[in-house]
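Novice: Any chance you could fold what I've pasted below:
(one chain, ligands or ions: 1)
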Amino acid sequence: MTENIPLDQGTAESVEEQAHLIRVAQEVLISNYRQQPLVLRRGAGCQVWDVAGRRYLDLTAGIAACPLGHAHPQLAIAIAEQAMKLIHVSNLFYNEEQIRCAELLVKLAPEIGGHGTPRVFFCNSGAEANEAAVKLAKRYQHVVRGRADRIEVLAFEGGFHGRTVATVGLTGQEKYRAGFGPLIEWGRFVPWPTDGSDRRALDAITTNTCAVILEPVQAEGGIRVPPPGWLKALRRRCDETGTVLIFDEVQTGIGRTGTWFGYQQEMVVPDVMSLAKGLAGGVPIGAIVASPELAQAFTPGTHASTFGGNPLACAAARTVLETIMTDGLIPRVRRLGEHLAARLAALIVKYPGRALEVRGQGLLRGLAIDGDAAPIVQRVRETGVLLSVAGGTVVRFVPPYLVTEGELDEGVAALDAALGS
Ligand SMILES: *Cc1c(COP(=O)(O)O)cnc(C)c1O
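Specialist: This is a model prediction of the structure:
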């Protein structure tokens, strides 16, 4: 396990500097996070260094937000060059980067256009993108279809759509909702399918439903992939009833699952999808990509964002998309995802009853364990590898796409040791 010992153990001084910063953090920051006790200062590729000088293998990638890893030269240069040209202008005017970025996105998601071209709206985060998607669906039913009475939005038990009042209202996990009532009660939470013929959610969709929102793979909820064929049945039910189908691709989008977007796994095309996390490589951004039919519901003045689509974020996003394309990272995600899944599967054989199931697609992977995953993730961190927890009992791997097989093996070896101890 020598390869997991951080290269640089830090000097007494740097260790004290880090301890000091953590004390300051505890005084000046609101305590809404449960941070690991390290203060990160810099990164390179799949590695990060803390203030104490210790090195970590980062298999969290900023919660799936850094597909190109840290300090990627092309991305850093694109951001620096754009900052010297134009950071922000508002949407009183067009800006070049926003147009070029949208042009790329619609080329990557042509299916959402049907026989036309999909349309893009930019904002700043995943929650905002989901709010925009739901607002668009509402206005579509109300103004375009003349059905102001179709107000119910169905969401799924175990889903996660963000932390604003509206998106917590769509999030089907009590731990995110407790103490914040009254939330926006959009409609019902329906059960996540257990097998391909599970019709419980489908039967809840009627000609009075406005929209259905779901993640094509439930990520925060525990990396749960729907059974094969079920999404197709969901699409059919939405078509039969005129219900808007919203895919929250905030975590599954931008190549994470091994296709550009999660919907392309089984080619079940939503009417609108939301994007954020990986889109600009760690620069805050959000977006929706909508069918032209749906997009007509937003007319000038109906929705807006001051920072949305600003040149800096869009230059970063364009660089991320172009780099993923030119460096062939999507096939790489598929290949490395298979490698990681095989390594994790070996842990199930080694720790029967303790390691239960490998979940996910591409480089959105998890190992479900018997019990709380947080202490395992903590032990792994103490050996210099950063992982995160999904759904309480799942150890999540969402590494940068540039991760190597060797680095994934190092991460799995650290997990192996933690499970064994
Ligand atoms: C992270 C996430 C969000 C929320 O994104 P923010 O940028 O934190 O608002 C929404 N949906 C999914 C599926 C996510 O993974």
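
Novice: Please name the residues that touch the residue in the stretch 51-200 of the chain that the ligand sits nearest to.
Specialist: Going by Cβ to the nearest ligand atom, the ligand is nearest to Gly126 of the stretch 51-200 of the chain, at 2.2 Å. The way it works is simple: take the backbone N, C-alpha and C, and place the C-beta from them, glycine included. Each residue near Gly126 by Cβ atoms under 8 Å, 6 or more residues apart in numbering is listed here: 161-162, 248, 250-251, 274, 276-277, 286.

Novice: which ones among those come in contact with the ligand?
Specialist: Counting by Cβ under 6 Å from any ligand atom, 161-162, 248, 250-251, 276-277 from these sit close to the ligand.

Novice: quick check, nearest of these to Leu68?
Specialist: Of all these, Leu68 sits closest to Lys277, with 12.7 Å by Cβ to Cβ.

Novice: Leaving out the residues flanking it, which one is nearest to the closest one?
Specialist: Closest residue to Lys277 apart from its sequence neighbours, by Cβ to Cβ, 6 or more residues apart in numbering: Ala65 at 4.5 Å.

Novice: With Glu266 instead?
Specialist: The shortest distance from Glu266 to any non-neighbouring residue, by Cβ to Cβ, 6+ apart, is to Leu231 (5.6 Å).

Novice: Tell me the residues of this protein that contact the ligand?
Specialist: Close to the ligand, as judged by Cβ under 6 Å from any ligand atom, the chain has residues 125-127, 130, 160-162, 215, 219-220, 248, 250-251, 276-277.

Novice: Among those residues, which ones are in helices?
Specialist: Counting by DSSP state H, the members of those that fall within helices are 126-127, 130.

Novice: Out of the residues of the chain next to the ligand, who's the most crowded?
Specialist: Greatest neighbour count in those, by other Cβ atoms under 10 Å, goes to Asp248: 32 neighbours.

Novice: Now do the helices in this protein.
Specialist: Here the chain has its helices, by DSSP H, at 12-28, 61-64, 73-85, 96-108, 126-139, 165-168, 174-177, 200-203, 230-241, 292-295, 311-326, 329-350, 374-382, 405-420.

Novice: ends of stretch 169-180, how far apart?
Specialist: By Cα to Cα, to the nearest Å, the extent of stretch 169-180 from end to end equals 10 Å.

Novice: Residues contacting it, please?
Specialist: With contact meaning Cβ under 8 Å, 6+ apart, stretch 169-180 is reached by 130, 134, 153, 155-163, 165, 168, 183-186, 189, 213, 220-221.

Novice: Could you do stretch 86-97 as well?
Specialist: Contacts of stretch 86-97 (Cβ under 8 Å, 6+ apart): 82, 304-312, 314-315, 318.
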